[in-house]
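In: all I have is the shape, not the residue letters:
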């Protein structure tokens, strides 16, 4: 006979723990073992194991429950010791029935929970994806992001020779990659298109521990100057633009009008920094550009490094800082005061969003707490009204434990139902959040409702259930049965319950104050942001960018095309003016450079100033409505071969020639020894918020486009109608003039500005919604508590009226009590808000965390709402008929 | 004086009947299988053991310990048997049913 197969050991262990000791338990265990043998002999192993597990759990549960019961009430008669599971099911059925009967209570409680759990689930999904979850890279906490710091200590990109030196000399990293993001013009695959990508050193895939899905990765030979062009394409690119061609490797793409061979296709799971990048090429391609290999130029290169095992972040940081110091000694002309910056990649990607998200998560926590307090209050009110029922049960011999258990089951049902509804609501809210989310927020593509989020929702549900379920249940069960049945009306516990509810109300009001203050501060921030003097008129301006690359475009051709484009655009219907510029206001400066001015000696290298340079066509100033303060604007006659001129902004003029005219002075872009021409300042214009509404205005220099043509400018078009309607006709114009030159990123200036404030607006909306819900919950809660208080005190009020109290005195009595609660809550809430708002300082603009206007408005609003919430029940109190109440029940 | 019959629920009756049918071979596993075969329903082992305990507490069943073989890891089993009170109770239950069934044969005959 074969040895019998053993039943699952864990299940057997469970049984042994739960079953009674001695032969009783052994016989049952033996029975189940025998049945398992029979089943596994006649059927599949899997079935037998499944049966054993199921049976083990059911039997264990029954016996464990019975033991628990017996421990509590050893004197229970035999009948009651049976079917405790049945008791639980009975409690469940009773709870559901009872909740269905008390419809308004149940709906209110469920709605409250749904809001609280839904909001927290939605926000947590975002926080989880952006901040908590590690980057989808192997050992992502070991990957560092590095750059250099300039003289002012600000983080800036590296120069290529510096990064190459780091690669050669740094020992803290097992892989160090240099790279910069790029945009490419792709032609030959349908319409000409602009795609995002990155130039990286050849060891790129090694950094990520990724293998290509098709073909190969980069090899060192690809990364040399002048090597044949190869690229790696993303999975999305391969599917969308190559139709998933299995023979994609080796195909030639036309990028920047030059052939590039596809060396490999990246796997679908590939992720690096941005989900929008479709193409990667070796950084060596750029080394054929003289400006790129010049150590004094920082052209967007940053470094990524994977720490060697055992190396810490701080020791790596020390090493690169030392490297930077060494380089500044070896190359004093270019690297003086250039330092190093190192940060974990995850922190870099999350950036400032982290603070906002944490603030939102805290707000959600408050809202959830408020919801729980509200439901607790509802439950207290409900059990106060079921006093008779509980007393009867106690008098008939029901145990206190049984009662508590039943109430706990009830609150568990509420919290479970609220949790399920909350997850559904959260799913919907998440969709809304994602629609509202500003573009360019990090890792938004990873946001989803996954098992982490569900686990959080379950935890929130259970915790809420405990918070609002526990003490009403215990409190209800402590009612002494006899007293309540004999004497109707007030008992000592009524007063206690009422005080408890008032205490909870204070907490609710305090939480509402905190949320309202948060929302109010964001509203004020938005107010301040929108009222900043931007220096230009953003209405009805359409912008598009284009990018010229590849051979065949001489400076002359660039300028001719630009002139042609502007002329033809001006002729389009609906257009009042058009111009070109490298840098768009708000979007930010695309070209920062050092410079010197003529009327004083050149400062030392560490003192040399830098400013924002932008080539513009003459129409730029009228299109944006930028005021001329002195001298003249740029003209059509400012062309190559004519005198080199420039226009500066008033900050520039004020800094170098305070109190005098800046006109006639000269400036030179670049280092003192560079070959760039001296330019005469012919005009001074008003400041423009180039780098964003909430950033300082930089020193700005405007150069004539014809003298300093740019290969990647933006076309700006002013119209007398809604600017967005011009998009199609302008794009068609591009198509006509240069089919292989895609125009991309069309947006109106207003959209661009909205994008700049998107984070603040999103925070304001979300916090505003929370605050609104909080105010609603608090005011409904307050109304409920006061109203119930009036009912409870009907006798007392009746007596007072009978003794001659007039209407005003009765109203005063009720309102006073309500206001005391509110005032206590407001005081605590204001105190809490004062402590907490300093953590959101970075989210605010020109508003102090303790802004008195905001606090004042919040206090006023809550007091007003509370007054109304108290007044209504107070009026009801005046209608109490003393003859009815005094007659008793 | 003869023992007083106790009221029996439906499942309790089935269990007692199964024990009677199985005679000396009445233990947990066989009772469960007997019920599944003849009563045609899945019997939760949890409910079965609870019922056996309850019948024992009510004084309708008794058992003695029997050694077990390898197929149950050498663990013992309980051999069940009805007490006199159990016999009286099951007989009373049958009498009740028989009285209620009388005269209904025609009505409840299955149409062929």
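Out: All right, it came through fine. Just so you know, these numbers come straight off a predicted model, no measurement behind them. Residues are numbered from 1 along each chain as shown, chains lettered A, B, ... in the order given.

In: and residue A:798, how close does it get to chain B?
Out: 54 Å (C-beta to the nearest C-beta, to the nearest Å). C-beta coordinates here come from the backbone N, C-alpha and C atoms, glycine included.

In: A strand includes that residue, no?
Out: No: Residue A:798 is assigned helix when assessed by DSSP: H, G, I helix; E, B strand; the rest coil, not a strand.

In: tally of neighbours for it?
Out: 19 (other C-beta atoms under 10 Å in any protein chain shown).

In: next: the one 5 residues further on.
Out: As a burial measure, residue A:803 scores 8 neighbours (other C-beta under 10 Å).

In: closest to the centroid, which residue in chain A?
Out: residue A:357 (4.7 Å; C-alpha atoms, centre = their mean).

In: hang on, isn't it packed against residue A:126?
Out: Yes: taking C-beta atoms under 8 Å as the definition, residue A:357 is a contact partner of residue A:126 at 6.5 Å.

In: so which strand or helix has residue 86?
Out: This is for chain A. helix A:84-101 (DSSP states H and E).

In: chain B, not that one
Out: helix B:84-101.

In: can the helix or strand containing residue A:61 be said to contact chain B?
Out: Secondary-structure assignment from DSSP H and E places residue A:61 in helix A:45-72. Yes: Helix A:45-72 reaches chain B (C-beta under 8 Å from any C-beta of the partner chain) through A:55, A:58-59, A:61-62.

In: check which helices and strands that helix is in contact with.
Out: Secondary-structure packing of helix A:45-72 (3 or more C-beta pairs under 8 Å, 6 or more residues apart in numbering or on different chains; DSSP states H and E): helix A:9-18, helix A:23-42, helix A:84-101, helix B:45-57.

In: helix, strand or coil for the closest residue to chain A within chain B?
Out: Proximity of chain B to chain A (C-beta to the nearest C-beta) peaks at residue B:75, 3.1 Å away. At residue B:75 the chain is in coil, as set by three-state DSSP.

In: and for it, nearest residue in space, chain neighbours not counted?
Out: In this structure, residue B:75 finds its nearest non-sequential neighbour in residue A:30, 3.1 Å apart by C-beta to C-beta, 6 or more residues apart in numbering or on different chains.

In: thinking again about what came up before, how many degrees apart are the helix holding residue A:61 and helix A:23-42 in direction?
Out: Angle of helix A:45-72 versus helix A:23-42, following axes from the mean of the first three to the mean of the last three C-alpha atoms, to 10 degrees, is 170 degrees.

In: chain center to helix A:45-72: distance?
Out: In terms of C-alpha atoms, centre = their mean, to the nearest Å, the centre of helix A:45-72 is found 45 Å from the chain centre.

In: buried residues, that helix. List them.
Out: By neighbour count on 16 or more other C-beta atoms under 10 Å in any protein chain shown, the buried set for helix A:45-72 is A:48-49, A:51-52, A:55-56, A:58-63, A:65-66, A:69.

In: my read is residue A:153 is in a strand, agree?
Out: No: the assignment for residue A:153, made by three-state DSSP, is coil rather than a strand.

In: what's near enough to touch it?
Out: residue A:339 (C-beta atoms under 8 Å, 6 or more residues apart in numbering or on different chains).

In: how far away is it from residue A:302?
Out: Noted for residue A:153: a distance of 17 Å to residue A:302, by C-beta to C-beta, to the nearest Å.

In: can you pull the contacts of the nearest residue to residue A:685 once chain neighbours are set aside?
Out: Nearest residue to residue A:685 in three dimensions, chain neighbours excluded: residue A:626, at 5.2 Å (C-beta to C-beta, 6+ apart). By C-beta under 8 Å, 6+ apart, residue A:626 lies in contact with A:535-536, A:620, A:685-686, A:688.

In: by neighbour count, which of the residues you listed wins?
Out: These, ranked by neighbours (other C-beta under 10 Å): first place residue A:685, 26 neighbours.

In: my read is that that one contacts residue A:629, right?
Out: Yes: if you go by C-beta under 8 Å, residue A:685 and residue A:629 touch, sitting 6.2 Å apart.

In: now for these two: what residues contact both?
Out: Counting by C-beta under 8 Å, 6+ apart, the residues touching both residue A:685 and residue A:629 are residue A:650.

In: point me to the residue of the stretch 151-300 of chain A nearest chain B.
Out: Counting by C-beta to the nearest C-beta, the stretch 151-300 of chain A gets nearest chain B through residue A:269, at 45.5 Å.

In: now the phi/psi pair for that residue, please.
Out: Here is the backbone geometry of residue A:269 (degrees, to the nearest 10): phi -80, psi 0.

In: go ahead and confirm it touches residue A:136.
Out: Yes: at 7.4 Å, residue A:269 counts as touching residue A:136 under the criterion of C-beta under 8 Å.

In: the two: which has the busier surroundings?
Out: In this view residue A:269 and residue A:136 are compared by other C-beta under 10 Å, and residue A:136 has more residues nearby, 13 against 9.

In: what secondary structure does the more buried one sit in?
Out: Quick answer, by three-state DSSP: residue A:136 is coil.

In: give the helix, strand or coil label for the residue lying closest to it once chain neighbours are set aside.
Out: Nearest residue to residue A:136, sequence neighbours excluded (C-beta to C-beta, 6+ apart): residue A:271, at 4.4 Å. State at residue A:271, reduced to three classes by three-state DSSP: coil.
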